[in-house]
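Enquirer: Give me a model of this one.
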Amino acid sequence: MKKQINKKKLAMFVLPILAIALVSALLVSNFAQVQREVEITASYESSGDIISNSLSVEGGESVISDELWITSLNERVVLPLSIITTATPDEEGLTSTVNYLLDNSAGTCANYPAEGWRNECEKRIFISAEDVGIETLNDLNSISWDVNVLGGYIAHVDVILETDALVFEYAKVNPSIGCDDVGNYPTGEQNTFGNKGIVDVNAYAWLNSGVSGGCTTPEFMTNWKTLTEWKSTRGTEKVIGFEIEVDNWMELISGHIYEGIGSNSEVKNILINGVEVEVSLKPLDSLNFNIETEFGIVEPETYIITTKVIPRE
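Expert: Just a heads-up that it's a prediction; the model follows:
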């Protein structure tokens, strides 16, 4: 369990921004001390929220830093990011994982189907297609991630095409297990869509510009196909990127989905075509995350764990 000691918000409207904070001081069972430093560097205007805390762990356990975030203030430019964690001195048994925090539980929304009902109700991770070597829809074969669903509707993925988007979401990704089956929306630790699997060539998606439901209406049925089927008609269309997101406008009432419920998923280990991804920040968007560091057998000395968030070229 992590214990927060204090919190500081740092917002600097300069170019570039350098925010350095001591995030965690850790004590392992063999009395080796571990300190964590986080450095956020951006070549565009952005803001960071830095939290400091201290906690103790046993050797071999995982340690999770408190929440960090970076926000783009640029209205036009996508900012590619690298989140890099290193240890000093080198610790061969140390591994670090970025855990993206898609917490929309406190968000507010316009009521469905009012104009703008989605705009304020989504929290997302954006991955540029070119960062995973995908040019057209024909190049896409699989998307997967690990997720901890803390509440609301499980995270889903939109494949952003040049003229539209394909939406792969839990309720509609595998009709053989049910469509809009509101009785068993998953919570807790899952792989991608839990019992409905990952996004692969057999996964169903609906075209964002078309009808999104219900599951037995002819208008929806013609707009709802497997990835293989979408490739047959739109396979040569350019892919811009991928958005893994939660929606905060969903609530289960009488078997239907409406606005109102808070959605909160934590996503990590994202793979597209089996390739680990690096994320980007869309204009005026923000990214919340923490770093989970797992220690092997450590020597009794001081370790400095440094995480840098830097723009990629």
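
Enquirer: Low-confidence stretches in the protein?
Expert: Residues of the chain meeting the criterion pLDDT under 70: 1-61, 89-93, 106-121, 182-183, 248-261, 297-303.

Enquirer: Kindly list the longest helix within it.
Expert: Determined from DSSP state H, the single longest helix within the chain is helix 227-234.

Enquirer: And the contacts of the following helix or strand past that helix?
Expert: Per DSSP states H and E, the first helix or strand lying C-terminal to helix 227-234 is strand 239-247. Residues external to strand 239-247 that are found in contact with it (CB atoms under 8 Å, 6 or more residues apart in numbering): 100, 102-104, 118, 121-129, 134-137, 139-140, 143, 145, 152-162, 263-265, 267, 270, 272, 280. All C-beta spots, glycine's among them, are computed from the backbone N, C-alpha and C.

Enquirer: isn't I291 right next to T95, touching?
Expert: No. With contacts counted by CB atoms under 8 Å, I291 stays clear of T95, the gap being 10.7 Å.

Enquirer: out of these two, which sits in the busier spot?
Expert: I291 (21 against 13; other CB atoms under 10 Å).

Enquirer: Helix, strand, or coil at that one?
Expert: What DSSP: H, G, I helix; E, B strand; the rest coil gives for I291 is strand.

Enquirer: Quick one: the helices in the stretch 151-300 of the chain, in order.
Expert: 218-221, 227-234 (DSSP state H, counting those that start in this stretch).

Enquirer: what about these, which gets the closest to L79?
Expert: Smallest distance to L79 across the helices of the stretch 151-300 of the chain (CB to CB): 28.2 Å, for helix 227-234.

Enquirer: Can you list the helices and strands that the closest one packs against?
Expert: strand 204-207 (3 or more CB pairs under 8 Å, 6 or more residues apart in numbering; DSSP states H and E).

Enquirer: Pairing partners for the strand it packs on, with directions?
Expert: In the sheet, strand 204-207 lines up against strand 165-168 (antiparallel), strand 224-226 (antiparallel) (DSSP bridges).

Enquirer: most packed of the ones you listed?
Expert: strand 165-168 (a mean of 22; mean count of other CB atoms under 10 Å).

Enquirer: picking up where we left off before, will you turn the strands paired with strand 204-207 into a markdown table that also has distance to E245?
Expert: Formatted as a markdown table, those follow (distance: least, CB to CB, whole Å):
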| stretch | distance to E245 |
| --- | --- |
| strand 165-168 | 10 |
| strand 224-226 | 20 |
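
Enquirer: Quick one: residues contacting the nearest residue to N264 once chain neighbours are set aside.
Expert: Spatial nearest neighbour of N264, chain neighbours left out: L150 (4.2 Å); criterion: CB to CB, 6 or more residues apart in numbering. Applying CB under 8 Å, 6+ apart to L150 gives the contacts D103, S105, T187, N264, S265, E266.

Enquirer: how about the CA coordinates for the helix or strand L150 falls within, as PDB?
Expert: Here L150 sits within strand 143-151, counting by DSSP H and E. Extracted in PDB, the C-alpha atoms of strand 143-151 (Å, rounded to 0.1, in the frame of the first residue of the first chain):
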ATOM      1  CA  ILE A 143      -4.000  -5.200 -30.200                       C
ATOM      2  CA  SER A 144      -3.800  -6.300 -26.600                       C
ATOM      3  CA  TRP A 145      -3.100  -4.900 -23.100                       C
ATOM      4  CA  ASP A 146      -3.400  -5.700 -19.400                       C
ATOM      5  CA  VAL A 147      -6.000  -3.800 -17.500                       C
ATOM      6  CA  ASN A 148      -7.200  -3.400 -14.000                       C
ATOM      7  CA  VAL A 149     -10.900  -2.300 -14.100                       C
ATOM      8  CA  LEU A 150     -11.600  -0.300 -10.900                       C
ATOM      9  CA  GLY A 151     -15.100   0.700 -11.900                       C
END
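
Enquirer: right, and the strands paired with strand 204-207 - which one's nearest S72?
Expert: Comparison of the strands paired with strand 204-207 against S72 by CB to CB identifies strand 165-168 as nearest, at 20.7 Å.

Enquirer: Would you mind pulling the contact partners of the closest one?
Expert: Against strand 165-168 from outside (CB under 8 Å, 6+ apart): 137, 143, 156-159, 199, 203-209, 212, 227, 230.

Enquirer: Can you select the buried ones from the residues you listed in ChimeraX?
Expert: Burial among these is assessed by 16 or more other CB atoms under 10 Å; the matching ChimeraX selection reads:
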select :137,143,156,157,158,159,199,203,204,205,206,207,212,227,230
